[in-house]
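Peer 1: Model the following, please.
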Amino acid sequence: MRAEASVLHLDLDAFFASVEQRDKPSLRGKPVVVGGLGRRGVVSTASYEARVFGVHSAMPMHEARRLAPNAAFLSGRYAKYRETSAVVMGILRSISPLVEPLSLDEAFVDLAAAADPPAFDAESLTEFGAELKSAVAKATGGISASLGIGTSKFIAKLATELGKPDGCRIVAPGTEVETIAPLNVGVIPGVGPVTRDKLARLGVRTVADLQQLSPAELNRELGQAHGTGLHALAFARDERAVEPDRESKSISVEDTFEDDISDRAELRAITERHARLVANRVREARLFARTISIKIRRPDFSTVTRSRTLHGATDRAEVIAAQAHALLAALDLGGGVRLLGVGVSGFAGSAQEELFELADASAVGETDTQTTSWEETPRRRVPTLQPGADVRHTHYGQGWVWGTGLGRVTVRFETVDTVGPIKTFAIDDPELELLD
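Peer 2: Model (predicted):
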């Protein structure tokens, strides 16, 4: 264990919703919910104004609509989220070379490795945290961050949760056990619903209760590896290092459809779209993938995955699409498809396209000439103009999609600094352009 509180955890508050409120002045201070908007969609992020009504991430979207019917429900603009995240991660890397991103909105930082580390006393760390929060807000146009600082990754992340939203919580060395003791046992990593139920049978509801159990009791109930790990965390013992080069294991895109799809041409078109999105992310990461995979979920919730490993590595959308099409063609889709995903893995640092077989190249040609394009596919399940999407009109300028239906689209014309009118157009209006 570290003798100093030198591990920092940063979490951007209600990140997706905060970016939407930043870019859309009419939504500031109002409930915003970002996620899948179909009947089977789930909430990705809810603003704090929406959380007042009980909306939270991973909640079915239909339930969120019931709880907060007057909220703005948006499909999300992931390019904007990645762009904002990159700014924040750049700030963190300017502080220390040891930055471990956990997601777009969350990261650990090892302050002990900083070129100019703060003094590790409460006053200096508080001042450092305030300066960092101010720098993040200024660079991102007002996005707030919550910070936690402690002697380990576990304590730093827990401190962030205790200080949310927009807080900075420091857990001083030597106070970790008393800090976590009164908290629900679910704050410990690895204690999910199943483990919580098992611990409840032992009378464990708080971390203090867990501290009363011996390692032998926990091992008997949970298994040696899990039991030993939980016992250590109950006493704030966490020796995990901040790992800046966490390797991506896979990159994937998947959609759950509002209605089951059985038409192969439509599924091929969706597969091609997913392949291009995956390829974009692979190129952004400056990687090349050897293995292409697809995943389908049938109406009975049974899931099938198939993969193919190439002789080389690629970041080309057409190659990924061709292999995904071939894998899809070999599956029985008679009962329809509820979910379809395309992914890649087996990353390399350089391309080896010359190793591809001629068969792969011919398959790519077939994909380009025979596949129905995404634009030609019926869009009733995944409309292009999703609520929240950025658009531009020839006359009215930049705005975003407020809603669609019955062949029309309603747009609110505003930018970060300006608010304009709300107008409704035909969904195929030639003067209306989708920006992202």
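Peer 1: which other residues reach stretch 89-100?
Peer 2: If you take C-beta atoms under 8 Å, 6 or more residues apart in numbering as the criterion, stretch 89-100 is touched by 10, 101, 107-111, 113-115, 132, 135-136, 139, 242-244, 246. Where you see a C-beta, it was placed from the backbone N, CA and C, and this is true even at glycine.
Peer 1: Residue 292 and residue 251: what is the separation?
Peer 2: Counting by C-beta to C-beta, to the nearest Å, the gap from residue 292 to residue 251 is 11 Å.
Peer 1: Look at those two and report which has more neighbours.
Peer 2: The neighbour comparison of residue 292 against residue 251 (other C-beta atoms under 10 Å) goes to residue 292, with 26 against 20.
Peer 1: Secondary structure element for that one, which one?
Peer 2: If you go by DSSP states H and E, residue 292 is part of strand 288-297.
Peer 1: Export that strand to PDB, keeping only CA atoms.
Peer 2: What follows is strand 288-297 as a C-alpha-only set of coordinates in PDB (Å, rounded to 0.1, in the frame of the first residue of the first chain):
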ATOM      1  CA  PHE A 288      -4.700  -3.300 -37.400                       C
ATOM      2  CA  ALA A 289      -6.900  -6.300 -36.700                       C
ATOM      3  CA  ARG A 290      -6.400  -9.900 -37.600                       C
ATOM      4  CA  THR A 291      -9.700 -11.400 -36.400                       C
ATOM      5  CA  ILE A 292     -13.200 -10.400 -37.600                       C
ATOM      6  CA  SER A 293     -16.300 -11.600 -35.800                       C
ATOM      7  CA  ILE A 294     -20.000 -11.200 -35.900                       C
ATOM      8  CA  LYS A 295     -22.600 -11.700 -33.200                       C
ATOM      9  CA  ILE A 296     -26.300 -12.300 -33.600                       C
ATOM     10  CA  ARG A 297     -29.100 -12.700 -31.000                       C
END
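Peer 1: quick one: strands adjacent to it?
Peer 2: As defined by DSSP bridges, the strand partners of strand 288-297 come to strand 303-314 (antiparallel), strand 337-348 (antiparallel).
Peer 1: Which of those sits closest to residue 153?
Peer 2: Evaluated over the strands paired with strand 288-297, closeness to residue 153 peaks at strand 337-348, with 24.8 Å, by C-beta to C-beta.
Peer 1: Buried residues in that closest one, which are they?
Peer 2: Buried residues in strand 337-348, counting neighbours by 16 or more other C-beta atoms under 10 Å, are found at 337-347.
Peer 1: now stretch 207-215
Peer 2: By neighbour count on 16+ other C-beta under 10 Å, the buried set for stretch 207-215 is 207-210, 213.
Peer 1: thinking again about what came up before, give the residues shared as contacts by residue 292 and residue 251.
Peer 2: Joint contacts of residue 292 and residue 251 (C-beta under 8 Å, 6+ apart) are 343-344.
Peer 1: circling back: make CSV out of the buried residues of strand 337-348 and add distance to residue 179 and pLDDT.
Peer 2: CSV is the format used below for the buried residues of strand 337-348 (distance: C-beta to C-beta, whole Å; pLDDT from 0 to 100):
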residue, distance to residue 179, pLDDT
337, 48, 92
338, 44, 90
339, 41, 91
340, 45, 93
341, 41, 93
342, 44, 95
343, 40, 94
344, 42, 94
345, 39, 90
346, 42, 87
347, 39, 83
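Peer 1: Could you point out the helix or strand that follows the helix or strand bottoming out on mean pLDDT in the chain?
Peer 2: Ranking every helix and strand in the chain by mean pLDDT, DSSP states H and E puts helix 358-370 at the bottom, with a mean of 32. Later in the chain than helix 358-370, the nearest helix or strand by DSSP H and E is strand 390-393.
Peer 1: strands paired with that following strand, and their directions?
Peer 2: When DSSP bridges is applied, strand 390-393 pairs with strand 397-405 (antiparallel), strand 432-434 (antiparallel).
Peer 1: Highest mean neighbour count out of those?
Peer 2: strand 397-405 (a mean of 18; mean count of other C-beta atoms under 10 Å).
Peer 1: What's the local residue count around residue 232?
Peer 2: If we define neighbours as other C-beta under 10 Å, then residue 232 has 15 of them.
Peer 1: list the contacts for the closest residue to it other than its chain neighbours?
Peer 2: Nearest residue to residue 232, sequence neighbours excluded (C-beta to C-beta, 6 or more residues apart in numbering): residue 238, at 7.2 Å. Residue 238 sits next to 1, 152-155, 232 when contact means C-beta under 8 Å, 6+ apart.
Peer 1: State whether residue 238 is indeed within a helix.
Peer 2: No: under DSSP: H, G, I helix; E, B strand; the rest coil, residue 238 falls outside any helix and is assigned coil.
Peer 1: hmm, which of the contacts of residue 238 are the buried ones?
Peer 2: Taking 16+ other C-beta under 10 Å as the criterion, what is buried in the contacts of residue 238 is 152-155.
Peer 1: Could you dump the residues you listed into JSON lines with distance to residue 387, secondary structure and pLDDT added?
Peer 2: What follows is the buried ones among the contacts of residue 238, written out as JSON lines (distance: C-beta to C-beta, whole Å; DSSP: H, G, I helix; E, B strand; the rest coil; pLDDT from 0 to 100):
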{"residue": "152", "distance to residue 387": "42", "secondary structure": "coil", "pLDDT": "95"}
{"residue": "153", "distance to residue 387": "37", "secondary structure": "helix", "pLDDT": "95"}
{"residue": "154", "distance to residue 387": "38", "secondary structure": "helix", "pLDDT": "95"}
{"residue": "155", "distance to residue 387": "40", "secondary structure": "helix", "pLDDT": "96"}
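Peer 1: Residue 278: which of the contacts of residue 238 is nearest?
Peer 2: residue 153 (29.8 Å).
Peer 1: residues contacting that closest one?
Peer 2: 7, 9, 108, 238, 240, 242 are the contacts of residue 153 under C-beta under 8 Å, 6+ apart.
Peer 1: Burial check on the closest residue in space to it that isn't next to it in sequence, number of neighbours?
Peer 2: Counting by C-beta to C-beta, 6+ apart, residue 240 is the residue found nearest to residue 153 once chain neighbours are left out, at 5.1 Å. Residues lying near residue 240 (other C-beta under 10 Å) number 12.
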